[in-house]
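Asker: no sequence on hand, only this structure:
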């Protein structure tokens, strides 16, 4: 719920997927969650970790991304 609220608070498009009715309700409750400013700053200062680098999206012929730096806007 914190991740959902943080993403929404930062103007990100948040996509959730669940077929479980209880989880759908919990996701909606994230809209009402209050996160302290100090906690938001702590979240902002966390080190980012990427699950995958996206190397499979890079090639010299059909991809708009020719390097890993282009794909991640130099954020990796």
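Answerer: Yes, it's here. None of the values given here were measured: they were computed from a predicted structure.

Asker: neighbouring contacts of the helix or strand containing residue 43?
Answerer: Using DSSP states H and E, residue 43 falls within helix 37-44. With contacts defined as Cβ atoms under 8 Å, 6 or more residues apart in numbering, helix 37-44 is touched by 2, 6, 9, 35. Yep, even glycine has a C-beta here, placed from its N, CA and C like the rest.

Asker: tell me the buried residues in the following helix or strand past that helix?
Answerer: Where DSSP H and E defines the elements, the next helix or strand beyond helix 37-44 is helix 68-71. Neighbour-count burial for helix 68-71, counted by 16 or more other Cβ atoms under 10 Å, picks out residue 71.

Asker: now helix 68-71, how far from the chain's geometric center?
Answerer: 17 Å (Cα atoms, centre = their mean, to the nearest Å).

Asker: can you give me the neighbour number for residue 5?
Answerer: For residue 5, the count of nearby residues is 19 (other Cβ atoms under 10 Å).

Asker: element containing it, please.
Answerer: Counting by DSSP H and E, residue 5 is part of helix 2-9.

Asker: distance from that helix to the middle of the chain?
Answerer: So, by Cα atoms, centre = their mean, the centroid of helix 2-9 is 9 Å from its chain's centroid.
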